[in-house]
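S.K.: The following comprises the amino acid sequence and a computationally predicted model.
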Amino acid sequence: MQFFAHSGFKPVKSLAGLALLASLLTITACSDKEDVPTGVATAPANDPLLITVAAEQAANYKTGTVAETEVALVQEHPGRIEANERQVTRIGASVTGRVTQVMAELGDTVRAGQMLAQVSSPELTTAQLAYLRARSNLELAERAVERARQLIQADVIGSAELQRRESELAIARAEKRAAEDQLRLIGLPAGAIERLGSQGSLQAESGIVATRSGVVIERKVSQGQVVQPGDQLFTVADLSTVWVIGALPEQAAGKVQRGQTVDIQVPAIERELSGKVVFVSDTIQPETRTVAIRTEVDNRTRELKPQMLATLRIAGTPKMMPVVPTTAVVRDNDRDHVFVQVAPNSYRLTQVELGPLVGKQRPVFKGLAIGATIVTEGGFHLNNERVQRLLTAGQAAPAAGGAK
C-alpha cells in the first residue's frame, strides 16, 4: 500500500515513514501555539482598529449600552471681567488750577467724601470773595428792612419804600445761596465755608473729593499738573459686583435671553461662578460678527479683578440625545473615539463627534447609534494594547476616521 504527497513530494513507502511525518507535523503545531501566550489581546491583520481579548481578560473592561437622555447643550464663549459701569464714578477737578498734592493711589480703597487730591486755583479765591460780598450785602439788606419797618411805624416813610427794601433783601439772600453753592461745587467743604463766613479766612486750595466709596481703578493725575473742569483724573469703582463681558457668534445669539443663568469659569481663581445675563446687544459688531452680552456676578469677596479672563458656559434648551460617559472617550490622533463591541470580547475603535461635557457625560452628535454596546471603562488601556500589538506586528496605527 502506497501514500502519495502532492507538490513534488515523493511517496512514502512505509508505516515508519508515515509515523515520522506525523511526529514532525505535531511538533510544528505545538511550536506555533507557544508563540501566542494565553490571555493576551490580538489584533486581526485585516482590521487594525479591531482588537480581541481573551475571555479571562474581558472582565478588565466594563461595557454599557448607548442610551438617549435629555441634554441641555452647553455653549462655551470667551469673556473677561469688567467693573460694573453702573457702580463706577469718574472724578475730576471743579476748577482750573495746579495740582499741589495727590492723596490716593491706584488700587486704594476710598470712602465717599475722602480727599483724593488738592488743587491751587485763582478761581477758588474769586469764588470765596464773591461769597463774602454776597454775605455782606445780605446783612446790609436785613438791616435796611429792619430800619424801614421802624420808620413806617413812625409814619416817616410809606409802604412802597418797605416793599422795595424787602425785595432787595430777597435778592441778597438768593445771591448768598448761589455763592455758597458755587463754593460747594468747586470742592470747598462745609466746615471751610462756615469758617469763611464767620472768620473771613480764605482757603487757598480746592479738594478733589471721592463721590463714591470703592476702589481707585484709574489715576490720571500727578503733582504739579495743570487741570481743568471736565478732565477725568480718578476712576472709583464699587467692586462688590462685577460684569463678565462676552461675545457670542451671531448664530448663537438667539439662544441667550436676558435674565438667563450662566455658569462662569475663571482660571485665575479655579472655581466656577454663576451669574445672570443683564444685557444682550441688539446690534452685531461688523468686524467680528458677534453679539455682546453682559453677566452680573457677586464679588463681595473681591476675588474677581477687572481684566481677568473668563469662560461663559451657556446651557441651551434641553432635548433628547444619545450620550456616553466621559470614561468611555479615548483620544487618538486628536480625535474622540470609543470602543464599540462588535462580537463577544471583540471591540473596534470608532471615531465619534461629541459635544462639550454635560455633568459626567458627553452628548453624541455623530458616529454612534442608540443601543450600541461600548467599553465604558478601560478604553485607554485597551487602545494602548491595540497600538502595541500593531507596532509589534510592524503595522502603523491608523485613526478610526480613516477606516472605511
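M.R.: Structure received.

S.K.: tell me the strands in the stretch 1-150 of the chain, going along the chain?
M.R.: Ranges of strands in the stretch 1-150 of the chain, per DSSP state E, counting those that start in this stretch, are 50-52, 62-65, 67-71, 74-83, 88-91, 97-102, 109-110, 115-120.

S.K.: now those strands in CSV, with mean neighbour count?
M.R.: All C-beta atoms are positioned from the backbone trio N, CA, C, and that covers glycine. Converted to CSV, the strands of the stretch 1-150 of the chain look like this (neighbours: other Cβ atoms under 10 Å):
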stretch, mean neighbour count
strand 50-52, 19
strand 62-65, 14
strand 67-71, 13
strand 74-83, 18
strand 88-91, 17
strand 97-102, 17
strand 109-110, 16
strand 115-120, 21
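
S.K.: and stretch 210-228, how far out from the chain's middle?
M.R.: In this view, stretch 210-228 has its centroid 29 Å away from the chain centroid, taken as Cα atoms, centre = their mean, to the nearest Å.

S.K.: cool, and stretch 102-110?
M.R.: Computed by Cα atoms, centre = their mean, the chain-centroid distance of stretch 102-110 equals 27 Å.

S.K.: Give me the residues contacting it.
M.R.: Contacts to stretch 102-110, defined as Cβ atoms under 8 Å, 6 or more residues apart in numbering, come from residues 114-118, 210, 213-219, 221-223, 234, 236.

S.K.: Now that stretch - C-alpha only, CSV.
M.R.: These are the backbone C-alpha positions of stretch 102-110, laid out as CSV (Å, rounded to 0.1, in the frame of the first residue of the first chain):
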residue,chain,number,x,y,z
VAL,A,102,-2.1,113.7,45.3
MET,A,103,-3.5,111.6,48.2
ALA,A,104,-4.9,108.5,46.5
GLU,A,105,-3.0,105.8,44.5
LEU,A,106,-4.2,103.2,42.1
GLY,A,107,-5.8,100.3,44.0
ASP,A,108,-6.6,102.3,47.2
THR,A,109,-9.9,101.7,48.9
VAL,A,110,-11.6,105.1,49.5
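
S.K.: still on that earlier bit, closest to residue 317 out of the strands of the stretch 1-150 of the chain?
M.R.: Ranking these by proximity to residue 317 (Cβ to Cβ) places strand 67-71 first, at 10.2 Å.

S.K.: partners of that closest one, with directions?
M.R.: Each strand paired with strand 67-71, and its direction, by DSSP bridges: strand 319-325 (antiparallel).

S.K.: and the helix or strand just after the partner strand, what other elements does it pack with?
M.R.: Moving toward the C-terminus from strand 319-325, the next helix or strand (DSSP states H and E) is strand 330-332. For strand 330-332, the elements it packs on are strand 335-343, helix 379-392, judged by 3 or more Cβ pairs under 8 Å, 6 or more residues apart in numbering; DSSP states H and E.

S.K.: Could you pull out the buried residues of strand 330-332?
M.R.: For strand 330-332, the neighbour count (16 or more other Cβ atoms under 10 Å) marks 330, 332 as buried.

S.K.: contacting residues around that strand?
M.R.: Counting by Cβ under 8 Å, 6+ apart, strand 330-332 makes contact with 336, 337, 338, 339, 349, 379, 380, 382, 383, 399, 400, all of which sit outside it.

S.K.: burial measure for the fifth one, as a count.
M.R.: Pointing back at residue 349 there. Look at residue 349: counted by other Cβ atoms under 10 Å, it has 26 neighbours.

S.K.: Walk me through the domains of the protein.
M.R.: Structural domains of the chain, as assigned by automatic domain parsing, span the residue ranges 50-71+320-402, 75-85+237-317, 90-236.
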